[in-house]
Structures are given as C-alpha cells and as structure tokens.
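Colleague: how would this look folded up:
(2 chains)
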Amino acid sequence: MSGGRVKLSTGTLYGALRRLLDEAWIERVEEDESPRDRRPYRLTSRGRRNLRLEVQRLKHLTKLAALRIARKDA
Amino acid sequence: MTCFYRCLLYLYPPLYRREYAAEMISVFRDAQADVWFGSFRERLSFRTRETLGLLAGAAQEHLRILCGNSPIISFTRLDMRPEFRFPRSTVVLMSVVFAGVVFAMKEASAIQAKYGSASDSMWHTFPGFAGLTFGFTFATVAIVWAILFALGRTGVHRLANIDPGTKHE
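Modeller: Residues are numbered from 1 along each chain as shown, chains lettered A, B, ... in the order given. Presented below is the predicted three-dimensional model:
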C-alpha cells in the first residue's frame, strides 16, 4: 500500500488494531469458515466517519502546503 | 525465529495474548516468508523491527493496564497531532526555571552556612530572599517569553489553528 516505505512490525500493528477495536472504529467480521489465526476486520460507521474526517484534514493540509509552495514560487 | 517470537509474546499480558497471539504469529510467519529470500540486511532489519515492536507493544499494554486509557500516556496520539507538540521555546523556558531553582538552592545553602549557628536570625531574611528570587525568575521568564512571543516561537499561534471540526470521537 505504501510502496514499501512504511514497514510495521506485528507488535505495532496489533497495538493499533487493539486501540481501533477499543474505540469501535473497526470490528471483527465473524465468519464460520475463517480460521482462528485469520480473522478479518472491517470499518464501523464511526470508523468510516472518522476516516472521512481524517481524509478531509489531510486534503486541507496538502492544500495549504500547495498554496505555500505556490506563494514561494511566485 | 518463530520460536523466539513466541517466547517474546509471553511478555504481553495474558488476556492480550489469548486474544491476539495466534493472529500475530500467523502474520509474522507470512512477513517472515516475504523476507526469507531477501538480503542479509533485510532479514536483520526485519528481525530487529519485530523484536523492538514486540518489546514496545508489550510495555505499552502493561502501561495501559496500570494507567488505564488515559490520554496522557497515549504517545501515538500526541505524536500524530502536531498542535500538541511542545514548541522548542518550552525547553528554553524550562531551562530558565531550572536555573532559577538551582540558583535559589545555592543561595539557600549559603544562607544556611552563614546563619548555621544562629538559625533564628535566618528566618528574618528568608521571606525577602525568597521573594527576590521568585521575582527575579518570574521577570526573566516573562522577558524571555515576550521575546519568543514577538518572534512567533511560543507555539501559542498553533492553538488558534486548531480546527474543531477535525476532532475525532
């Protein structure tokens, strides 16, 4: 996804997943055929809303950065 | 390495281990298979990253159990939100305060040595000395802060830039 730039350890990854589960941003998908060591997760409605807000925030930041660069170039 | 990884997982709280250990081992095996035919450097980097990740993760989980879900110990949250980072000027101001405290302690030691035998007389000069030290430190901090504020380096302006619309639940 990041083209190899971001490399997460499993300890970091599952720490983040645990926090997201605690805050109900994601939930486990209960599937009968999925093995115990392969449990899928999905975004909850709250997680989706927060993701949308985060995307908006990042868009705002990149817009500001682009404006600043344009101003410097001008 | 998988055996070592399993051993490290015992550093986690039992409840966490029961919940996530099987998944973590499975994901670790997949990641290990990906770097298996990589260079020595890649494999070493992978092993170091996994070991440090587990040590840090286990420490955080124990800390969470001890302190609860306090935002004070939520390091990642603070790191991710730049408006909560301490500005560099904080270090300067804290150093000035620290220097003031050290100066006050030194002066107090000198006074104690001077009036050591007649400790009653020491207390006559103490309030004035304490007030003077406090006033001096306060004035120094206020001047330094005013200079930093004029230079826009206090970090106060960041508070005005916080967008309440991006607050997450």
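Colleague: for the chain, what are the low-confidence residue spans?
Modeller: I'll assume chain A. Scanning chain A for pLDDT under 70 picks out A:1, A:32-36.
Colleague: wrong one, I was asking about chain B
Modeller: In chain B, residues with pLDDT under 70: B:68-88, B:116-124, B:156-169.
Colleague: And the residue of it that's closest to chain A?
Modeller: residue B:53 (2.5 Å; Cβ to the nearest Cβ). No exception for glycine: its C-beta is placed from N, CA and C like everyone else's.
Colleague: hmm, who's touching stretch B:125-132?
Modeller: Stretch B:125-132 is contacted by residues B:104, B:107-108, B:111 when judged by Cβ atoms under 8 Å, 6 or more residues apart in numbering or on different chains.
Colleague: In these, which residue is surrounded by the most others?
Modeller: Tallying neighbours with other Cβ atoms under 10 Å in any protein chain shown puts residue B:104 at the head of the contacts of stretch B:125-132, with 17 neighbours.
Colleague: does that one sit in a helix, a strand or a coil?
Modeller: Secondary structure for residue B:104, judged by DSSP: H, G, I helix; E, B strand; the rest coil, is helix.
Colleague: show me the contacts for it.
Modeller: So residue B:104 contacts B:130, B:133, B:137 (Cβ under 8 Å, 6+ apart).
Colleague: go with 10 Å
Modeller: B:129-130, B:132-134, B:136-137 (Cβ atoms under 10 Å, 6 or more residues apart in numbering or on different chains).
Colleague: and what of residue B:137?
Modeller: Applying Cβ under 10 Å, 6+ apart, the residues contacting residue B:137 are B:96-97, B:99-101, B:103-104.
Colleague: cool, and residue B:5?
Modeller: Counting by Cβ under 10 Å, 6+ apart, residue B:5 touches A:10-11, B:21, B:24-25, B:28-29, B:32, B:47, B:50-51, B:54.
Colleague: if we can go back for a sec, could you dump the contacts of stretch B:125-132 into CSV and include secondary structure?
Modeller: Output for the contacts of stretch B:125-132, formatted as CSV (three-state DSSP):
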residue, secondary structure
B:104, helix
B:107, helix
B:108, helix
B:111, helix
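Colleague: For those residues, give me a markdown table that also has distance to residue B:12.
Modeller: Listed next are these as a markdown table, based on distance: Cβ to Cβ, whole Å:
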| residue | distance to residue B:12 |
| --- | --- |
| B:104 | 46 |
| B:107 | 51 |
| B:108 | 48 |
| B:111 | 54 |
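Colleague: ok so, going back, could you report the neighbour count for the residue of chain B closest to chain A?
Modeller: 21.
Colleague: Who are the packing partners of the stretch of helix or strand it belongs to?
Modeller: Element membership of residue B:53, judged by DSSP states H and E, is helix B:40-67. Applying 3 or more Cβ pairs under 10 Å, 6 or more residues apart in numbering or on different chains; DSSP states H and E, one finds that helix B:40-67 makes contact with helix A:10-22, helix B:2-9, helix B:14-35, helix B:75-80.
Colleague: Buried ones in the longest helix seen in chain B, by neighbour count?
Modeller: Identified as the longest helix of chain B according to DSSP state H is helix B:119-150. Using 16 or more other Cβ atoms under 10 Å in any protein chain shown as the test for burial, helix B:119-150 gives B:133, B:137, B:141, B:144-145, B:148.
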